[in-house]
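Undergrad: quick one: sequence and predicted model below, then my questions.
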Amino acid sequence: MKNYYLTIPFIILIFIFPSCQGGRKEILTKKEEASIHFNMGNEYFQMGKTDKAVDEWKKAVELEPENIPSINNMSTALYTGGEKDKAVELWQKILKIKPDNAIALNNIGNYYRDLGNYEEAMRSFKRAIEVYPSYYMPHYNIGLIHYEKKEYENALHELKKAIELNPADSFSHYIIGNIHRDKGDMDSAVKEWQNAVNIFPRFSMAKYEIANSLNSKGQIDNAITELESIIKNDPNFASAYASLGFILIDKGGLDKAIDMFTNGQKVNKEENKRFYFLDGLGWVNYKKGKYKESLEYLKEAINVTPANETRHLAQEYYHIGMAYKGLGNKALAKQNLEKAIELDKNEKFVADIKGILSRASL
């Protein structure tokens with residue numbers, strides 16, 4: 001998950017111009033100069049010019065060393081840019097200036113959570129709540145830790161508290177939806193994801209889960225519409241391309257499916273998700289009767305699929321088995337199809353593969 005909790009708050013840009021009186025320029029104080037650099041940093045950041053934004057915030061801090069908003073914005077930009085250790089040093093600097101700064105405490109907690117150090121993360125989040133009881137973000141982040149540890153009841157308690165403090169908290173609704181999905185209650189899951197979208201209409205992750213739910217219910221056209229909406233509004237949301245590609249394969253839109261997997265692979269920034277697109281390209285080539293090309297993609301997909309993605313690995317072995325079957329290599333087809341069954345015990349999946357093995361006398 002992206003660190004949406006590390007966003008820089010929206011600041012209204014205020015231009016401060018030196019006034020002229022009697023032909024003389026008014027001399028600005030250091031605080032006023034720092035304010036100009038702070039606002040210019042915000043302007044650059046909103047334009048996507050992060051380096052220039054950081055330079056402006058640095059100038060503000062040089063003029064006013066205890067300028068907490070500039071330090072926080074600078075540290076947040078560094079964190080989202082991958083320079084996490086430098087960011088934490090700046091948040092710790094904020095705490096030396098103001099030990100009860102809840103935003104710095106919350107962000108340091110996120111740092112430890114990302115490292116998997118839940119104990120330190122929880123300590124920081126709880127401290128943030130102590131100094132700022134009405135701050136919803138630490139509750140969301142504690143809920144996220146409980147969710148990641150599959151402690152669902154504790155997660156629900158914290159996430160509902162976050163929503164109570166901030167009814168516009170779409171992310172807590174999204175995680176609650178995921179909890180219901182993981183517990184098998186899809187109706188409640190969809191309701192929460194829809195709540196998230198009602199608050200934040202372009203919430204791609206929530207819309208993506210809704211699309212997958214529609215697809216699983218057989219509402220294919222509605223699922224396609226939802227996925228196309230995601231791609232239109234958020235062209236860099238790679239997972240939508242993969243899901244749409246597989247749906248299009250089932251509908252016979254093979255060329256368009258190739259476009260989806262190819263374009264999705266281009267915008268994908270997460271190395272551990274490459275296998276989605278490779279598997280898709282392998283399967284669409286199988287459907288086109290290009291079995292050798294199919295195997296090239298599928299074997300690469302197997303090599304880059306995380307070991308804990310057992311259901312996807314099962315699907316890839318199934319696809320490889322079918323490609324070998326297409327090439328007439330019964331021994332390797334049987335070996336890979338049986339491997340798929342070992343990895344995924346879903347009754348329908350197993351029954352379908354056993355049917356293939358039986359019909360093909362493998």
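TA: Now that the structure is in, tell me what you want to look at. Residues are numbered from 1 along each chain as shown.

Undergrad: so Asp114 sits right up against Lys84, yeah?
TA: Yes - judged on C-beta atoms under 8 Å, Asp114 makes contact with Lys84 at a distance of 7.2 Å. (Each C-beta comes from the backbone N, C-alpha and C, glycine too.)

Undergrad: who's more crowded, these two?
TA: The neighbour comparison of Asp114 against Lys84 (other C-beta atoms under 10 Å) goes to Lys84, with 17 against 13.

Undergrad: pretty sure that one contacts Asn110?
TA: No - assessed by C-beta under 8 Å, Lys84 is found out of contact with Asn110, at 9.5 Å.

Undergrad: backbone dihedrals for the nearest residue to Leu95 once chain neighbours are set aside, both of them.
TA: Nearest non-adjacent residue to Leu95, counting by C-beta to C-beta, 6 or more residues apart in numbering: Ala104, 5.4 Å away. Torsion angles at Ala104 (phi, psi; degrees, to the nearest 10) stand at phi -60, psi -40.

Undergrad: ok, now Lys288?
TA: Lys288 adopts backbone torsions of phi -90, psi 0, taken as degrees, to the nearest 10.

Undergrad: how many residues are close by it?
TA: So Lys288, with other C-beta under 10 Å, has 15 neighbours.

Undergrad: can you list the buried residues in whichever strand or helix holds Ile230?
TA: Using DSSP states H and E, Ile230 sits in helix 220-233. Using 16 or more other C-beta atoms under 10 Å as the burial criterion, the residues of helix 220-233 that qualify are 223-224, 226-227, 229-231.

Undergrad: wait, isn't Tyr140 in contact with His173?
TA: No - using C-beta under 8 Å as the test, Tyr140 is too far from His173 to be in contact (10.5 Å).

Undergrad: contacts for stretch 131-142, please.
TA: Contacts made with stretch 131-142 from outside it, assessed by C-beta atoms under 8 Å, 6 or more residues apart in numbering, are listed as 5, 100-102, 105-106, 109-110, 113, 121-122, 125-126, 128-129, 158-159, 161-163, 165-166, 169, 171-172, 175.

Undergrad: so how far does that stretch reach from one end to the other?
TA: The first and final residues of stretch 131-142 sit 16 Å from each other (C-alpha to C-alpha, to the nearest Å).

Undergrad: avg pLDDT for stretch 221-241?
TA: Computed over stretch 221-241, the mean pLDDT rounds to 96.

Undergrad: contacting residues around stretch 305-322?
TA: Contacts to stretch 305-322, defined as C-beta under 8 Å, 6+ apart, come from residues 272, 275-276, 279, 282-283, 286, 294-295, 298-299, 301-302, 332-337, 339-344, 346, 349, 353, 356.

Undergrad: in it, which residues are buried?
TA: Applying 16+ other C-beta under 10 Å to stretch 305-322 flags 305, 309, 312-322 as buried.

Undergrad: Val350 in helix, strand or coil?
TA: On the three-state scheme (DSSP: H, G, I helix; E, B strand; the rest coil), Val350 is labelled helix.

Undergrad: got the contact list for it?
TA: Each residue near Val350 by C-beta under 8 Å, 6+ apart is listed here: 341, 344.

Undergrad: could you rerun that using 7 Å?
TA: When contacts are counted by C-beta atoms under 7 Å, 6 or more residues apart in numbering, Val350 touches Ile341.

Undergrad: could I get the pLDDT score of it?
TA: Looking at Val350, the pLDDT reads 91.

Undergrad: now it: how far from Leu313?
TA: For Val350, the distance to Leu313 equals 15 Å [C-beta to C-beta, to the nearest Å].

Undergrad: in the protein, which helix or strand is least confident?
TA: Across the helices and strands of the chain, the lowest-confidence element by mean pLDDT, DSSP states H and E is strand 20-21, at a mean of 42.

Undergrad: neighbours of Lys345, how many?
TA: By other C-beta under 10 Å, the residues close to Lys345 number 10.

Undergrad: quick check: it is in a helix.
TA: No - the assignment for Lys345 by three-state DSSP gives coil, which leaves it out of any helix.

Undergrad: what are the ranges of the helices in the stretch 151-300 of the chain?
TA: In order along the chain, the stretch 151-300 of the chain carries the following helices (DSSP state H, counting those that start in this stretch): 152-165, 170-182, 186-199, 204-216, 220-233, 238-251, 254-267, 274-287, 291-304.

Undergrad: can you give me the strands for the stretch 1-150 of the chain?
TA: Under the criterion DSSP state E, counting those that start in this stretch, the stretch 1-150 of the chain contains strands at 20-21, 24-25.

Undergrad: residues contacting Trp193?
TA: Under the criterion of C-beta under 7 Å, 6+ apart, the contact list for Trp193 reads 174, 177, 206, 209-210.

Undergrad: out of the buried residues of stretch 305-322, who's nearest Phe45?
TA: Of all these, the one sitting nearest Phe45 is Glu309; the distance, using C-beta to C-beta, is 35.7 Å.

Undergrad: next up, phi/psi of Phe200, please.
TA: Taking degrees, to the nearest 10 as the convention, Phe200 sits at phi -130, psi 90.

Undergrad: from Gly143, how far off is the nearest residue to Lys84 once chain neighbours are set aside?
TA: The shortest distance from Lys84 to any non-neighbouring residue, by C-beta to C-beta, 6+ apart, is to Tyr111 (6.1 Å). Applying C-beta to C-beta, one obtains 18 Å for the distance of Tyr111 from Gly143.

Undergrad: poorly predicted segments of this structure, please.
TA: Counting by pLDDT under 70, the ranges of the chain that qualify are 1-26.

Undergrad: swap the cut-off to 80 and go again
TA: Scanning the chain for pLDDT under 80 picks out 1-26, 362.
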